[in-house]
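Q: Next one to model:
(chains A and B)
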Amino acid sequence: MALAFDEYGRPFIILREQDQKTRLRGLDAQKANIAAGKAVARILRTSLGPKGMDKMLQSPDGEVTITNDGATILEQMDVDNQIGKLMVELSRSQDYEIGDGTTGVVVMAGSLLEQAEKLLERGIHPIRIAEGYEVASRIAFEHLEQIANKFEFSAANVEPLIQTCMTTLSSKIVNRCKRSLAEIAVKAVLAVADLERRDVNLDLIKVEGKVGGKLEDTELIYGIIVDKDMSHPQMPKQIVDANIAILTCPFEPPKPKTKHKVDIDTVEKFQTLRQQEQKYFDDMVQKCKDVGATLVICQWGFDDEANHLLMNRDLPAIRWVGGVELELIAIATGGRIVPRFQELTTEKLGKAGLVREKAFGTTKDRMIYIEHCANSRAVTIFIRGGNKMMIEETKRSIHDALCVARNLIRNKSIVYGGGSAEISCSIAVEAAADKYPGVEQYAIRAFADALDAIPMALAENSGLQPIETLSAVKSQQIKENNSYCGIDCNDVGTNDMREQNVFETLIGKQQQILLATQVVKMILKIDDVISPSDY
Amino acid sequence: MAIENLFKDEATEEKGERARMASFIGAMAIADLVKTTLGPKGMDKILQSTGRGQSVTVTNDGATILKSLHIDNPAAKVLVDISKVQDDEVGDGTTSVVVLAGELLREAEKLVNAKIHPMTIIAGYRMASECARNALLEKVIDNKLDAEKFKEDLMNIARTTLSSKILSQDKEHFAKLAVDAVMRLKGSTNLESIQIIKKTGGALTESFLDEGFILDKKIGVGQPKRIENAKILVANTAMDTDKVKIYGARVRVDSMAKVAEIEVAEKEKMREKVQKIIGHGINCFVNRQLIYNFPEELFADAGVLAIEHADFDGIERLGLVTGGEIASTFDNPESVKLGHCKLIEEIMIGEDKLIHFSGVAMGQACTIVLRGASPHMLDEAERSLHDALCVLSQTVNDSRVLYGGGYPEMVMAKAVDELAKKTPGKRSHAIEAFSRALVAIPTTIADNAGLDSAELVAQLRAEHHKEGSNAGIDVLTGSVGDMAKLGISEAFKVKHAVLLSATEAAEMILRVDEIITCAPRRREDRM
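A: Numbers count the residues shown, from 1 in each chain, chains lettered A, B, ... in the order given. Prediction:
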């Protein structure tokens, strides 16, 4: 196949080492791709919803992760198949963009592929299917906007926000204390949010975890926690009204960047050098003291002598603080990061109401809390939990909740969860399909069927009869013309999602549909897969 | 059309029932492994390391056993992890937590086989654990206000903890040691300030608690061996050549005479430094780093006792007990706080010479000297003592106490059973299973002691249905006894942590329905 002839009739090779490559073409290629995409989606399908199961992943180094978060599962799954990698990318982009719904988007894409396969078997050209999907996704997108509700919240009334975060958290292992975690997430986001500009900088929220204690002990700290201790064991453990000098220069004699040598050839030189060295240390500490600092936070280490001088002058210090943490401390305390001792001035000091060292458990673990900062915009969520995996999973869950809260601040529109939005879209798309002439009609209808997959998976995971439940809810939606009937996953007894307070963000849902459609379109357009065989 | 390689080579994927089975089996295997060490008559394990020397550890401590295992099963790793956390957080109950989690999973497996969905089981377990916790809270005894009784409680806890370890023969002795040591801490949980020194030789009963502080170091040659009313300077400074720290400095000379001059200057500098140190008016100098012969000689001339190379912890503790600050510069003698103690002397334990600081200003730190026949014995004794110390220090902070000997488990089981009767739906099966898992702990204790567990547990259960019973298993006589009279107590915090972490771990493993194992990272062949 890959052999062509030039104008003289001599054969030349287009694809090198043809026989060493495996190659799939045409319908086979499409089907293989679809099968791969479906396989990935199938893995995630059981993780969907509040009763979804977790996956246990063992990394190449033997570390165990237990998680329910779609993006994390796919990231650590070590996928080799190219199409599988596309799905991984898909879930990652949902994670970056929205932060939540990473499982849903993959399941959605999987079911779109499944429907496409059926159409392909009927002989419909993949491009026509792709076009039909495109039209259908636009219909769904607009429909979502119509059924979306604006909801009101203010700094005083955060209840709706908390409810939405709770929906996100209820599918995670932490759903035991979802209420308190949701409150923490909302408070954290509100603390850093700029409500005027509708902007939230999630970088200002630091999520720190420490093994031990229980999940209920997780707390929100209006300040920063640093996993370090005071540089000298006898420094005070608590400082009230601290003036903090934030330094990125070491407490050591300067090291000029240019190469140089100081030659000692006489006794005098030896003496002067020694005195100079002592003076360096003395000056550095004195400089900090002079500008009125009561706490020094340094990115680098100190020499033993400097350490003692600091201690001697009642100047507590923390060393080896990471760059990111240093920045956060600077933001929180309103200080400036000072790169040279000469530039240290009183204005550049950060202020904090209370700095204290806290010990945990029976081991020597200590952490430093910097609280009551001048600028309370930087907050820390401090997670406690039974074991490392629990903490990691909680971190991921909190991240999702934070993202949801942020999205709501950006855009106040919500849709109802529990699969109700998908069902409603499915009905709308189905109705619209009939109006389209041509082959696309089939694809649009298939899209509607694919949308049903999410409520179906939800019902299945919750131990309900999937087809029965779905058709009941669907007919209820059509009959009552409401868009908030969903799957009653928690067995509450009503499928009115307004009553159950299950919300999702509008942009999250829209993004899901758009991203899933895009990826599916891309996969459908592939008709030749060339892969080098193993060597 | 089947897709062949979704994952990389050698990566495996287990789904649904198979995945669940793999994790159940792994977790139960781990639980069964440590099960026989539970209780006062539990057996020990020998662990042989694969590293060089094939060092051998004999232990009864769950966390230590699990830490040393090489485990491949991911679910088993979760259990190892909780045992580690239990060790870090409360120090004791490391075996119980694994056994309980294992039992919970064993019961869950039966339920799963009976076609109950894992999520339903989790819901039931959660309710049960909440209920068990409340039942425990009702039964706690708090003697914080009554110092006498509280001390008695502590003694009981220490005795109970130690009775399952190698120290059980001398538990009275060690319980007293541990309680005394912890009482000195005055509520701090920093066990760093209790130093444990192990010296082979002698019998376990010869171990003692020293009021002062013992440093495992020798006194320099020619220096006084005994100092009364010592003034101590604790330092962390270089006492060798004291390099010039300015970057790029180096010595370059052009004649021998110059070298000699600089050497003299260097010596002069050291002499000055020593003079400054002596100028603090001290008669004892303890340094973290080496002290070279020359300064040592100078110290000896001045009649100052110089101790070199005390490690970091030693320095910190010494600073703590004597109230001195750890100094690195010596220019302002007036502002450096010196440490004080009544007497420094060299003492002999077994064959070794140690330095003993007694009559220290602040009595927070103390030293426990352990004696025993072999290093293995001493290691195990240290671990046991560490467990006891951890539990005691936690109890000082949270003074709630429970009776031991399977009593808390029976109380919880009873409450959980009652909850099961009231709960409608399939969840009640899971709640019942929870109570069965709880009862498995006293059963195991009895089994390990070679008693008729079925008979005993049944008696115990009957006993518990009477109001206000304090019944538990008395392993020594092999019958059901009154725990209050026998003085068997456990810290509430330990039991509480066991309950919560075991439930959490079981829940985590139950939620899994798929295990994906990545291909192990290839090691470079270094041969």
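
Q: Okay, now the unreliable bits of chain B?
A: Counting by pLDDT under 70, the low-confidence segments of chain B come to B:1-10, B:52-53, B:186-192, B:220-222, B:238-250, B:310-314, B:320, B:329-335, B:361-365, B:522-527.

Q: Just want the residue of it that's nearest chain A.
A: Using CB to the nearest CB, the single residue of chain B nearest to chain A is B:Ser328, 3.3 Å away. Where C-beta positions appear, they are placed from N, C-alpha and C, glycine not excepted.

Q: count of residues packed around the residue lying closest to that residue once chain neighbours are set aside?
A: Closest residue to B:Ser328 in three dimensions, ignoring its sequence neighbours and counting by CB to CB, 6 or more residues apart in numbering or on different chains: A:His308, at 3.3 Å. Residue neighbour count, defined by other CB atoms under 10 Å in any protein chain shown, stands at 26 for A:His308.

Q: one step back: residues touching the residue of chain B closest to chain A, list them.
A: A:Asp304, A:Glu305, A:Asn307, A:His308, A:Leu309, B:Ala235, B:Asn236, B:Thr237 (CB atoms under 8 Å, 6 or more residues apart in numbering or on different chains).

Q: Now intersect those with the helices, please.
A: In helices, defined here by DSSP state H, the members of those are A:Asp304, A:Glu305, A:Asn307, A:His308, A:Leu309.

Q: Just the buried ones among the residues you listed, please.
A: The neighbour-count test (16 or more other CB atoms under 10 Å in any protein chain shown) applied to the ones in helices among the contacts of B:Ser328 identifies A:Asp304, A:Glu305, A:Asn307, A:His308, A:Leu309 as buried.

Q: Need the contact partners of stretch B:58-67.
A: With CB under 8 Å, 6+ apart as the criterion, stretch B:58-67 contacts B:30, B:33-34, B:37, B:42-47, B:57, B:79-80, B:83-84, B:86-87, B:94-98, B:164-166, B:376-377, B:379-380, B:383-384, B:387.

Q: out of the residues you listed, which touch chain A?
A: The residues of those that also fall near chain A, by CB under 8 Å from any CB of the partner chain, are B:Lys84, B:Asp87.

Q: For chain B, what's its nearest residue on the stretch 401-535 of chain A.
A: Going by CB to the nearest CB, chain B is nearest to A:Gly463 of the stretch 401-535 of chain A, at 5.2 Å.

Q: contacting residues around that residue?
A: Going by CB under 8 Å, 6+ apart, the list of residues near A:Gly463 reads A:Lys51, B:His117, B:Met119, B:Thr120.

Q: how near is the nearest residue to the first one once chain neighbours are set aside to B:Lys495?
A: Taking CB to CB, 6+ apart as the measure, A:Lys51 lies nearest to A:Ser462, with 4.4 Å between them; neighbours along the chain are not counted. According to CB to CB, to the nearest Å, A:Ser462 and B:Lys495 sit 35 Å apart.

Q: Which one of the two is surrounded by more residues?
A: For A:Ser462 against B:Lys495, the residue with the higher neighbour count under other CB under 10 Å is B:Lys495, and the figures read 27 against 22.

Q: wouldn't the more buried one be in contact with B:Lys139 here?
A: No. The pair B:Lys495 and B:Lys139 does not pass the contact test of CB atoms under 8 Å, sitting 10.0 Å apart.

Q: Need the overlap of contacts for those two.
A: When CB under 8 Å, 6+ apart defines a contact, the residues bordering B:Lys495 and B:Lys139 alike are B:Leu402, B:Pro408.

Q: Which residues belonging to the helix or strand harbouring A:Asp282 are considered buried?
A: Using DSSP states H and E, the secondary-structure element containing A:Asp282 is helix A:267-290. For helix A:267-290, the neighbour count (16+ other CB under 10 Å) marks A:267, A:269-270, A:273-274, A:277, A:280-282, A:284-285, A:287-289 as buried.

Q: and what of stretch B:172-188?
A: In terms of neighbour count (16+ other CB under 10 Å), stretch B:172-188 has its buried residues at B:His173, B:Phe174, B:Ala175, B:Leu177, B:Ala178, B:Val179, B:Ala181, B:Val182, B:Met183, B:Arg184, B:Leu185.

Q: Around chain A, which positions in the stretch 51-200 of chain B sit nearby?
A: Taking CB under 8 Å from any CB as the test, the list of the stretch 51-200 of chain B residues beside chain A reads B:72, B:74-75, B:77-78, B:81-82, B:84-85, B:87-91, B:117-120, B:126, B:189-192.

Q: State the helix or strand in which the closest residue to A:Arg122 other than its chain neighbours lies.
A: The shortest distance from A:Arg122 to any residue that is not its chain neighbour, by CB to CB, 6+ apart, is 7.6 Å, and that residue is A:Tyr442. With the criterion set as DSSP H and E, the secondary-structure element containing A:Tyr442 is helix A:440-451.

Q: what helix or strand does the nearest residue to B:Val182 once chain neighbours are set aside sit in?
A: Using CB to CB, 6+ apart and skipping residues adjacent in sequence, the residue nearest B:Val182 is B:Leu392, 4.1 Å away. Assigned by DSSP H and E, B:Leu392 falls within helix B:375-397.

Q: Downstream of that helix, the next helix or strand is which one?
A: The helix or strand immediately downstream of helix B:375-397 is strand B:400-403, counting by DSSP H and E.

Q: about what we covered before: for the residue nearest to B:Ser328, which residues are in contact?
A: Neighbour list for A:His308: A:His232, B:Asn236, B:Ile326, B:Ala327, B:Ser328, B:Thr329 [criterion: CB under 8 Å, 6+ apart].

Q: redo that, cut-off 10 Å
A: Remark: with contacts taken as CB atoms under 10 Å, 6 or more residues apart in numbering or on different chains, A:His308 is in contact with A:231-232, A:234, A:281, A:285, A:302, B:235-237, B:325-330, B:336.

Q: What subset of those residues is buried?
A: Buried subset of the contacts of A:His308 (neighbour count, 16+ other CB under 10 Å): A:231-232, A:234, A:281, A:285, A:302, B:235-237, B:325-330, B:336.

Q: Which single one of the residues you listed is nearest to B:Lys144?
A: When the buried ones among the contacts of A:His308 are compared for distance to B:Lys144, the smallest value, 30.6 Å, is given by A:Gln234; criterion: CB to CB.

Q: Nice, that's everything, thank you.
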